[in-house]
Each structure stands twice: as structure tokens, then as C-alpha cells.
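Peer 1: Pasting a predicted model and its sequence here:
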Amino acid sequence: MDSQRNILLIALLFVSFLLYQQWNMDNAPQPQGQGVAQQVNTSGDVPSHSADGQPITEQSTSDNLITINTDVLALTVDTLGGDVIEAQLLAYDNELNSEDPFVLLKNEQGHSYTAQSGLIGANGIDTTAGRAQLVVDADSFTLADGQDELRVPMTYEKDGIQYTKTFVLKRGSYAVDVEYSINNQSAAPASVQMYAQLKQNLMDDGGSLTMPTYRGGAYSADDTKYKKYSFEDMQDKNLNLTIANQGWAAMMQHYFVSAWIPRTDEATNLYTRTSNGQGYIGVRMPATTVPAGSEQTLTATLWVGPKLQDQMEATAPNLNLTVDYGWLWFIASPLHMLLSFIQGIVVNWGVAIMMLTFIVRGAMYPLTKAQYTSMAKMRMLQPKLQAMRERLGDDRQRMSQEMMELYKKEKVNPLGGCLPILLQMPIFIALYWSLMESVELRHSPFFGWIHDLSAQDPYYILPILMGVSMFMIQKMSPTTVTDPMQQKIMTFMPVMFTFFFLFFPSGLVLYWLVSNVVTLIQQTLIYRSLEKKGLHSK
């Protein structure tokens, strides 16, 4: 078996798997009927019935809006119910070199993506008559210089009970606490139940053939640290779980995530549903009884921002797992930590990718040496193998027998290069997902014409250089392939990979190019070292 052929075939299978996986997601049949049938008793924005047993209907956004601004967030809140209908991430531009910030939550024509929260139950303020019109003393709130925390209260009174919904935002944080204070000055106890949910139009997962990404729901529960729950899953079956400990419900997309985290020690219901072309995922906290003459506060936290692992982990257990490295997370996660550490030193993410590649390839050098030593020995036998081919012609059975005898005589193992390659492939795949999931690479420049490492090379220079380097590696590597058709396929492989990499993010192509350059250097040094030891005379 030829080692170089194996590494190219394995890599081709990996890329082909990614392409097939994305094609399958794009062309999967949509579930019909089930989602609508299951929503009959839970239609509308509010995830439960009102006190009189009638379903609460959906209500459009009002014109009574307020804005809340910190150093990293600009929120627009509808005072009708107090939903966050828009969230701008001020530290992230919408497009490369754009002056407009990235908008995560939005309420636009054709695309609604909002974070809703409210109170239901016997004394809830979300009823069949509509949601509560909250009162606020200004239409704009801003975190001032030197101020670490901003509190925005919104009030509503009903039947002797005062309800205060307060947004609590902190400097530099994408975690927003939403507090409901229920001050019961009536003569009877009040029963309320807080819910918090994310609503978004049902849509495709997103991504492209060369960069498959996920868009949809995700959650964490007692026995499940992290699990995706796509819009198709929501249409197929309603999620209905009980969270006894800490958990959360989220909507994810490439680089960004929004999530509701209930702040209670009691059992919480985690649910999904679909209605009128929209998907919902959220949490319903347990019913709370507020005795007459007393006050209680219910709290949930909304994360609305980029996938910053350290901050998300500090906000809620397992929320950092929304940075999805796949089944090789145990390799990809430390690689990302190492990449971030290097970037803190060299500043440039492109240089950090190059340095990471050098470190990884250096750590794998013993395996690489074993691989290329085996390949070098095969290379030294090429004159004898060629003479054998000319002598035996098309007698493949005899050719195979004499080849094995030659390998045995020269103490060459034709499989010697395979195991190192198989051990290296998980690292390659983990690096692929680590680089693709890193929001830090979004709109990060390298040098010259590369202004965004998360986007494809605009002039295709890196992919072409990568293809040339792969062709050079192939030419330097020995081969036992004698079939003309197989030889043509092997020769054409660098062209195929170059075509694939034309559309890959330039950060990934940079990694692969540098890795190929290191391979060429290592391969040359190993071959020369073996030739000096006299292996060429065999």
C-alpha cells in the first residue's frame, strides 16, 4: 500500500463527507403536518393557557419601543410585554469594514428573531386580552462612563399587584439578567409563572458545501450537557423536558448564540414548539405563590452575543459547548486554547495559525519521521521495482509475489506509513473544526490581500499555492501504483483539492498550506538523512 495515496484518499473522503453532509441537510425532505397538529393547544407567543383556559394569541410588535445601550450591546425592547426585539453587537461589524454593527436579534420583514419573556398563571400579566403594556420613565438608557451596571425597570399594576420587569446589564458582558418582582399588596395570594423563550422563523441550517454550519435550537438539561434540536426536530416533535438542576435553551448560528438560563433551584420545564412558520425554544419556570403583603423576585438570564467560551462558561454550565467542535472536541478545544494563547503573543491570528501549525507538526515529528522513513525506503527501491515491472509485464500475480519477497529481503514494510497518517488525521480534522468555529477569526486580517481569515481568498492565491505544494509532495513520494488510470487519478487529486479549497475560509487554507510546506521540508530532510546513511545503495 502506498502511504501518500492513503493520506490523499483519507483527506478526500473527509472533504467528500463534509460535502455530502451539507448536501443531505440542504435536500432533506421537510416534515409535513406533524408540527402543526401538535400546536393546537399551544398556539401563540405565550407557551401556556391563561387562567380561563383559552389559548393566548400572537400579538404583533407595538410602536412603544425603548433602547438600552452598553459598551457591547444595543438592545431594542418593546414595552408591550418587554420583549427584546433587536440586539446589536457593537464590537462586531455586520460586514467586513462595515460601520454597521452585527444584528443578532431582529424583527424585520420576513425574518423575526426575538427573545421573549413574561408571566403566566392565575395572576400572570400575559392573558387572552393581550400582553401587558409596561410603563417606563424614558425611551433611552445608556451605560455611562465609569458605570459598571445599568438597571432598566418597567412597571405594570393589576388588581393590587405591582409587577416590575427589570433589565440588568453589565459592562463588557453579553449576559442580560431579566428580573420580575411581584409586589402583592392585594388581600389574596398571587400565583405566577415566569417563562422565557426564543422565537425565530423556521429556516434552513445555513452554511455552504465547503463550510457547513448549523442554525437552529440547542439545549442543556440534567443528563444532556449539550444537544442540538433543529427546526426540523421542532416540526417533527415537541421537546418537553424537566430540568431539575441547571440548564438552558438556545438558538445557534455560525459564531453567535442566544440563550435563556433560568435562575431557580426548582424543576423547570424546557420546551419547543412551532406555530405559523416560527419555531420556539424556551423554559417555563415553576409556579410561584406570592403571599398577600409580600414580594418575590423571579430571574432568568439572556445571553445574546458571540460564542466566547470563557464568558459563556462563566454565565452557565455547558453554555460554552455551543462552540461545537464535533466528536473530536477533546482535541479541538485544547488546540483552540493554544491558538488563543499564541495570538495573545503575536497579535495576528494568521501568524498564530502558522505558529500553531509549526507546533503541531513539530509534536508529530516522530510519527512523521516514521512515515517518511518507510516512504523513503520505498523510494530507494523504485529502480528495482521498475526493473521488475519491465521484466514481468502484465503478470500481476507473479509481480505481487516478487514484490513481497523484495520487501522482506530489504526489510521494508509497505504499510509502515499508514498508521502515522491515521493518527494524524484526527488532529487535522479537529484543527479544521477549531478554526471554523472560532469567532475570533471572523473579519480578522492576515497580511496583504487577506483581510478576513473567515472568508475565502478573494484572489485564490492561497488555494493555488496549496495545490502546488500538494503536487510537489506527491511528486516526491514513491508509489507502487502501476495502473495508468489510478496514476491519472492520483495526479489529478491536487487539482481536485485546489478546487475545493477555492471556497474554504482563508484561515483553513493557510493552515493546510503551511502544513504542506512543513511536510515538504521534513520530507526532504528525512530523505537526505537516510541517503547519507547509505540507504540509497540498497
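Peer 2: Looks like it came in fine.

Peer 1: so where's the stretch 201-350 of the chain shaky on pLDDT?
Peer 2: 205-211 (pLDDT under 70).

Peer 1: Do a quick rundown of the helices in this protein.
Peer 2: Residue ranges of the helices in the chain, as given by DSSP state H, are 3-27, 34-37, 231-236, 309-315, 329-346, 349-363, 365-380, 382-392, 396-410, 418-436, 461-476, 484-501, 506-532.

Peer 1: TSV please, covering these and showing distance to E108 and mean neighbour count.
Peer 2: All C-beta spots, glycine's among them, are computed from the backbone N, C-alpha and C. Converted to TSV, those look like this (distance: least, C-beta to C-beta, whole Å; neighbours: other C-beta atoms under 10 Å):
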stretch	distance to E108	mean neighbour count
helix 3-27	24	16
helix 34-37	23	15
helix 231-236	18	20
helix 309-315	26	17
helix 329-346	33	16
helix 349-363	31	19
helix 365-380	52	20
helix 382-392	64	13
helix 396-410	66	13
helix 418-436	27	19
helix 461-476	35	19
helix 484-501	34	15
helix 506-532	30	19
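
Peer 1: Identify whichever of these lies nearest to L73.
Peer 2: With respect to L73, and counting by C-beta to C-beta, the nearest of the helices of the chain is helix 309-315 at 12.7 Å.

Peer 1: Which strands or helices does that closest one pack on?
Peer 2: Helices and strands touching helix 309-315, by 3 or more C-beta pairs under 8 Å, 6 or more residues apart in numbering; DSSP states H and E, are strand 294-306.

Peer 1: Distance to A259 for the helices of the chain - can I get that in JSON lines?
Peer 2: As requested, these are exported to JSON lines (distance: least, C-beta to C-beta, whole Å):
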{"stretch": "helix 3-27", "distance to A259": "23"}
{"stretch": "helix 34-37", "distance to A259": "22"}
{"stretch": "helix 231-236", "distance to A259": "16"}
{"stretch": "helix 309-315", "distance to A259": "8"}
{"stretch": "helix 329-346", "distance to A259": "19"}
{"stretch": "helix 349-363", "distance to A259": "26"}
{"stretch": "helix 365-380", "distance to A259": "40"}
{"stretch": "helix 382-392", "distance to A259": "59"}
{"stretch": "helix 396-410", "distance to A259": "58"}
{"stretch": "helix 418-436", "distance to A259": "21"}
{"stretch": "helix 461-476", "distance to A259": "35"}
{"stretch": "helix 484-501", "distance to A259": "34"}
{"stretch": "helix 506-532", "distance to A259": "26"}
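
Peer 1: Let me know which of those helices is the nearest to Y113.
Peer 2: So among those, helix 231-236 is nearest, using C-beta to C-beta, at 12.2 Å.

Peer 1: helices or strands next to the closest one in the packing?
Peer 2: Counting by 3+ C-beta pairs under 8 Å, 6+ apart, helix 231-236 packs on helix 34-37, strand 216-221, strand 268-275, strand 278-284.

Peer 1: looking only at pLDDT, what's the mean for the first one?
Peer 2: For helix 34-37, the mean per-residue pLDDT is 30.

Peer 1: how about the residue nearest to N69 when sequence neighbours are not counted, what does it touch?
Peer 2: Nearest residue to N69, sequence neighbours excluded (C-beta to C-beta, 6 or more residues apart in numbering): T142, at 4.6 Å. Counting by C-beta atoms under 8 Å, 6 or more residues apart in numbering, T142 makes contact with 68-70, 150.

Peer 1: Please tell me how far I353 sits from A221.
Peer 2: The gap separating I353 from A221 is 36 Å, by C-beta to C-beta, to the nearest Å.

Peer 1: Please apply the same query to M203.
Peer 2: M203 is 24 Å from A221, by C-beta to C-beta.

Peer 1: Mind checking which of those two has more residues around it?
Peer 2: Each of M203 and A221 has its neighbours counted (other C-beta atoms under 10 Å); A221 has more, 21 against 15.

Peer 1: Tell me, how many residues neighbour the nearest residue to the more buried one once chain neighbours are set aside?
Peer 2: Computed as C-beta to C-beta, 6+ apart, the closest residue to A221 that is not its neighbour in sequence is G247, at 4.7 Å. Using other C-beta under 10 Å, G247 has 24 neighbouring residues.

Peer 1: pretty sure G247 contacts D222?
Peer 2: Yes - with contact defined as C-beta atoms under 8 Å, G247 reaches D222; the gap is 6.9 Å.

Peer 1: one step back: nearest to P306 among the contacts of T142?
Peer 2: Among those, and counting by C-beta to C-beta, the member closest to P306 is T70, at 14.6 Å.

Peer 1: how close does the closest residue to that closest one other than its chain neighbours get to V360?
Peer 2: Nearest non-adjacent residue to T70, counting by C-beta to C-beta, 6+ apart: L143, 4.3 Å away. Distance, L143 to V360, using C-beta to C-beta: 42 Å.

Peer 1: measure stretch 496-505 end to end?
Peer 2: 17 Å (C-alpha to C-alpha, to the nearest Å).

Peer 1: And for stretch 253-270?
Peer 2: End-to-end for stretch 253-270, by C-alpha to C-alpha: 20 Å.

Peer 1: What is the distance between it and the centre of its chain?
Peer 2: 17 Å (C-alpha atoms, centre = their mean, to the nearest Å).

Peer 1: can you check stretch 213-228 too?
Peer 2: The mean C-alpha position of stretch 213-228 is separated from the chain mean by 11 Å, C-alpha atoms, centre = their mean.

Peer 1: same check, this time on stretch 266-275
Peer 2: How far stretch 266-275 lies from its chain's middle: 23 Å, per C-alpha atoms, centre = their mean.

Peer 1: So which bits of that stretch are buried?
Peer 2: Within stretch 266-275, the residues that count as buried by 16 or more other C-beta atoms under 10 Å are 268-275.

Peer 1: which among these gets closest to L520?
Peer 2: Looking across the buried residues of stretch 266-275 and measuring by C-beta to C-beta, the closest to L520 is T272, at 50.8 Å.

Peer 1: From A74, how far off is the residue lying closest to the closest one once chain neighbours are set aside?
Peer 2: Nearest non-adjacent residue to T272, counting by C-beta to C-beta, 6+ apart: L239, 4.0 Å away. Separation of L239 from A74 (C-beta to C-beta) stands at 31 Å.

Peer 1: Of those two, give the one with the bigger neighbour count.
Peer 2: L239 (20 against 16).

Peer 1: just checking, that one touches T274?
Peer 2: No - in this structure, L239 is not within contact of T274 by C-beta under 8 Å, at 10.9 Å.

Peer 1: can you map out the strands along the stretch 51-200 of the chain?
Peer 2: 65-69, 73-78, 83-93, 101-108, 111-120, 126-127, 130-131, 140-142, 149-158, 161-170, 175-184, 190-201 (DSSP state E, counting those that start in this stretch).

Peer 1: Out of these, which gets nearest to G216?
Peer 2: Short answer: strand 190-201, nearest of the strands of the stretch 51-200 of the chain by C-beta to C-beta, at 8.7 Å.
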